[in-house]
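Participant: Sequence and predicted structure are below.
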Amino acid sequence: MKTSFPRLFSLFGVFAILSSSLPVSAQGLNSASISKTPSEIEANSGRVQSVIDKSENHFKLGELNLKDRNYDAARAEFDKAVDAVLESGMDVRASPRLQTFYLQLVERVYRMEVPAQHAQVASAAPLAGGGQVVNANAVDAVPAQTPGFLRDQKFEPSPLDELAKLELTEPEKEVTTEQIATLEEVKSSIDFGFNSNTLIQQYINYYQGRGRSTMESGLRRSGRYMTMARRIFREEGVPEDIAWLGQVESAWRPTAYSWAAASGLWQFIPSTGMEYGLRQTAWVDERNSFEKATRASARYLKHLNRYFNGNWELALGAYNTGPGNINRGIARAGRADFWAIYPYIARETRNYVPNILATILIAKNPAKYGFAHVRPEAPLSYDVVSVPSATSLQLIASACDTSVDYLRSINPELKRDVTPRGESYNVRVPPGRGKTLVAILKRVPADRREMAKAITVAPGEELAAVAARTGTTVAQLQLWNGGVDLSNGGKIVVPSSGSVQQVIYTRSRPNSTATASSLVTVTARAGETIAQIAARHGVDAGEVARLNAYAADAPLSANQMIKVPAKAPAGNAPVRRRR
C-alpha cells in the first residue's frame with residue numbers, strides 16, 4: 001500500500017489506540033493477530049528489525065533530499081519509509097516495538113513535511129525575455145503555490161464514527177407485532193436472504209424518529225451513485241441491494257474519513273484498499289474513486305460471503321470488524337449465526353449489521369416507512385478524458401469552462417491539483433466537454449501542461465490586447481498557440497497565474513529589468529489585482545505582472561506576497577507565509 005504524509009500525519013494519529021481490542025475500522029482490520037503470543041512476536045524480531053532498517057533508510061534519504069530542496073524526491077522517500085512498514089505484511093499492533101517505531105516515524109515525517117511546505121523552492125525555469133528564475137529573498141521568500149504540491153484536502157467525518165456510539169432509546173426499542181409482520185412482508189423485496197430480528201425494527205424506529213434527517217439526506221444523495229453501484233455489484237455477482245451499504249459507510253460522501261483512516265464511499269482502510277487494487281500514492285488515493293472503490297468493495301464483499309458460506313449477515317459484520325472477530329464470536333456462540341454471536345462482538349458491529357438491514361428495508365420500501373417524499377438526486381454525469389502526465393486541474397477547468405473546485409468534487413481521488421506525473425490519467429470532466437479538452441491539450445506542449453490555463457478570446461481581439469490583460473507578451477502567446485486561428489474567437493492558452501512561482505530575474509543577467517535588491521515585497525488585499533497594486537505604487541502593471549508571473553487582471557488572495565520595484569513606495573510590510 002502506498003501512502004502520502006501531508007495527510008497521513010494527522011489521520012494516523014488515531015493509531016495511538018492500536019492496542020485497543022475494539023474493531024478499528026470498516027473494511028476489516030482483522031484483529032485475530034492481536035492474540036499472538038509473545039513467543040510469536042519474539043520469533044519475528046529479526047523480521048521487525050529488517051522492516052525498521054528498510055524504513056529508516058528511506059527516511060534518511062528523504063532528509064537528504066529535503067536538505068537539497070528536492071521536495072518531490074523527499075516526499076517520495078518519506079512515502080516509501082511508511083510503505084516499508086505497512087507493506088511488510090506484519091500486523092503493526094502485534095509488535096510493540098514496530099508499533100512504537102511506526103508512530104514515531106509518522107510524527108517525524110510530519111515535523112519534516114510541515115516546514116517543507118513553507119520553505120522557498122528555487123526554480124530554474126526560463127521566462128520570456130531571457131531571464132532565469134531565482135530566489136528573491138533566500139529563506140524568507142515563499143512561492144505562492146509550488147507546482148504539484150498537495151492541495152488542502154477537505155474530508156468529512158464518517159457516519160461510522162457516530163454509529164459506533166449510538167444507543168437506542170427505550171421508545172425506539174419498543175416493537176409491536178404489527179411492525180414485525182410488516183418487516184416480514186417487505187423482506188421479500190430484498191434480493192438476498194437474512195433472518196429477521198427485533199433489532200432491525202428498532203433501527204427502523206430510530207430512522208423514523210430522531211434519525212429521520214440522516215435517512216432523508218442519505219436517500220437523496222444515493223441518487224448520485226446508486227445506478228453506478230448497482231451496475232458494478234451486478235457485474236461482480238453481488239446482490240444489488242447490498243450496495244445500500246454505502247449509505248451506512250459514508251452517507252454517500254466520497255470524502256468521508258473515519259477515525260481509523262478508512263476513506264471513501266466504502267470506507268477502505270489503507271491495507272485492505274491496497275489488497276483490492278486501490279492505489280494510494282503521493283498523487284492519488286483510489287479509495288476515494290467512485291468506480292474503482294465500488295468495484296473493490298463488491299469484490300471484498302463477495303470474498304467475505306464465500307468465506308462465511310453464503311451468510312450475508314456474517315459477511316457484513318466482517319466488512320466492519322474483520323473476519324477474525326467474527327470467527328471468535330462464532331467460536332464463543334457455538335454456531336455461525338449473526339444473532340447468536342451478537343453478545344460476543346463489539347458494540348460498533350452490533351449496531352452495524354441491523355442498521356444496514358434497516359436502511360435497505362427503508363430504501364426499498366420508502367412509502368411503507370414514511371419516506372416516499374424523498375427524491376433522489378440525479379446520477380452524476382461526466383465525460384472521462386485521458387490526460388497526459390502532470391496536467392494541472394486549472395488548465396483542465398479553464399478548457400472545460402468549469403471550476404477547479406468542481407473538478408475536485410468529481411475526481412476526489414486526486415490528492416493534488418495536478419494529475420500524476422509520469423503517467424496518463426483518466427479525469428472526469430463535465431458532460432459534453434471532453435472533446436474540447438482533448439483539442440486544447442493537443443496544443444499545449446508536455447512541459448507546459450502544469451503551468452498553463454485556457455482563456456476565451458473575443459472574435460477579432462488582437463493578441464496585443466490579450467497579452468496586456470494576461471500579463472504576458474505577444475511573442476509568448478504566439479509561442480504557446482502556434483497556428484491557432486483566433487479570428488472568430490475561441491480558446492487561447494496562456495501561463496497560469498495559479499501554478500507559476502513568484503519569481504524575479506537573476507542579478508547576473510545584464511538584461512534583467514529588476515534585481516533582488518531593487519524589489520520589495522508587498523501584501524495584496526483580498527480580490528486585488530496586479531494592475532491595482534501597480535497603480536497604487538506608481539509602477540508599470542505589465543512589469544509587475546511579469547515579475548510575479550501573474551495575469552494583470554487576476555484576483556489575488558488576501559496577504560499574498562507580490563514583488564514590486566523598490567522605487568515604488570512600499571505601502572505594506574513583507575509577509576512570510578504561503579497564500
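Facilitator: The structure has been received and is ready for your questions. All of these numbers come straight from a predicted model, not from anything done at the bench. Numbers count the residues shown, from 1 in each chain.

Participant: Report how many residues lie close to residue 212.
Facilitator: 13 (other C-beta atoms under 10 Å). Where C-beta positions appear, they are placed from N, C-alpha and C, glycine not excepted.

Participant: Next one: it relative to residue 373, how far apart?
Facilitator: 11 Å (C-beta to C-beta, to the nearest Å).

Participant: Low-confidence bits of this protein, can you list those?
Facilitator: Counting by pLDDT under 70, the chain has low-confidence residues at 1-43, 89, 91-94, 107, 110-155, 497-518, 542, 545-555, 557, 566-579.

Participant: those strands in it, which residues are they?
Facilitator: 133-134, 156-157, 256-257, 383-387, 425-429, 452-457, 490-495, 504-505, 519-523, 561-565 (DSSP state E).

Participant: I'd like these laid out as CSV, including distance to residue 229 and mean neighbour count.
Facilitator: Shown next, in CSV, are these (distance: least, C-beta to C-beta, whole Å; neighbours: other C-beta atoms under 10 Å):
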stretch, distance to residue 229, mean neighbour count
strand 133-134, 47, 18
strand 156-157, 19, 12
strand 256-257, 15, 24
strand 383-387, 17, 16
strand 425-429, 16, 20
strand 452-457, 34, 21
strand 490-495, 36, 20
strand 504-505, 52, 24
strand 519-523, 48, 20
strand 561-565, 46, 23
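
Participant: Kindly state which of those strands is positioned closest to residue 246.
Facilitator: strand 256-257 (9.7 Å; C-beta to C-beta).

Participant: Now do the closest one: which elements does it pack against?
Facilitator: strand 156-157 (3 or more C-beta pairs under 8 Å, 6 or more residues apart in numbering; DSSP states H and E).

Participant: before we move on, the earlier item: please identify which of the strands of the chain is closest to residue 333.
Facilitator: strand 256-257 (31.7 Å).

Participant: quick revisit: mind putting the strands of the chain into JSON lines with distance to residue 60?
Facilitator: Shown next, in JSON lines, are those (distance: least, C-beta to C-beta, whole Å):
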{"stretch": "strand 133-134", "distance to residue 60": "29"}
{"stretch": "strand 156-157", "distance to residue 60": "36"}
{"stretch": "strand 256-257", "distance to residue 60": "30"}
{"stretch": "strand 383-387", "distance to residue 60": "35"}
{"stretch": "strand 425-429", "distance to residue 60": "31"}
{"stretch": "strand 452-457", "distance to residue 60": "37"}
{"stretch": "strand 490-495", "distance to residue 60": "38"}
{"stretch": "strand 504-505", "distance to residue 60": "34"}
{"stretch": "strand 519-523", "distance to residue 60": "35"}
{"stretch": "strand 561-565", "distance to residue 60": "33"}
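
Participant: Nearest to residue 368, out of those strands?
Facilitator: Per C-beta to C-beta, nearest to residue 368 of the strands of the chain: strand 256-257, 28.2 Å.

Participant: residues making contact with that closest one?
Facilitator: Strand 256-257 has contacts (C-beta atoms under 8 Å, 6 or more residues apart in numbering) with 11, 155-159, 249-250, 263-265, 267.

Participant: picking up where we left off before, tell me which of the strands of the chain sits nearest to residue 181.
Facilitator: Between those, strand 256-257 lies closest to residue 181; by C-beta to C-beta that is 35.5 Å.

Participant: May I have the phi/psi pair for residue 365?
Facilitator: phi -140, psi 60 (degrees, to the nearest 10).

Participant: One more: the one 3 residues further on?
Facilitator: Per-residue torsions, residue 368: phi -60, psi -30 (degrees, to the nearest 10).

Participant: ok, it - contacts?
Facilitator: 182, 186.

Participant: So it versus residue 185, what's the distance?
Facilitator: Applying C-beta to C-beta, the value for residue 368 to residue 185 is 8 Å.

Participant: you'd agree residue 540 is up against residue 534?
Facilitator: Yes. The pair residue 540 and residue 534 passes the contact test of C-beta atoms under 8 Å, sitting 6.4 Å apart.

Participant: neighbour count winner among those two?
Facilitator: residue 534 (21 against 12).

Participant: Tell me how many other residues crowd residue 292.
Facilitator: Residue 292, neighbours per other C-beta under 10 Å, totals 20.

Participant: Report the spatially nearest residue to it, omitting neighbours in sequence.
Facilitator: Nearest non-adjacent residue to residue 292, counting by C-beta to C-beta, 6 or more residues apart in numbering: residue 286, 4.9 Å away.

Participant: so that neighbour touches residue 273, yeah?
Facilitator: Yes. Residue 286 is in contact with residue 273 according to C-beta under 8 Å; the separation is 7.3 Å.

Participant: from the middle of its chain, how far away would stretch 398-414 be?
Facilitator: Chain-centre distance of stretch 398-414: 13 Å, with C-alpha atoms, centre = their mean, to the nearest Å.

Participant: Just the C-alpha atoms of that stretch, please, in CSV.
Facilitator: The C-alpha atoms that make up stretch 398-414 are tabulated as CSV, following Å, rounded to 0.1, in the frame of the first residue of the first chain:
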residue,chain,number,x,y,z
SER,A,398,-10.4,26.6,-17.9
ALA,A,399,-10.6,24.4,-21.0
CYS,A,400,-13.9,23.0,-19.9
ASP,A,401,-15.4,26.2,-18.6
THR,A,402,-15.8,24.9,-15.1
SER,A,403,-14.0,25.4,-11.8
VAL,A,404,-11.2,23.6,-10.1
ASP,A,405,-13.4,23.0,-7.1
TYR,A,406,-15.9,21.2,-9.3
LEU,A,407,-13.2,19.1,-10.9
ARG,A,408,-12.1,18.2,-7.3
SER,A,409,-15.6,17.1,-6.4
ILE,A,410,-15.9,14.7,-9.3
ASN,A,411,-12.3,13.5,-9.1
PRO,A,412,-12.0,13.1,-5.3
GLU,A,413,-9.2,10.5,-5.6
LEU,A,414,-6.7,13.2,-6.9
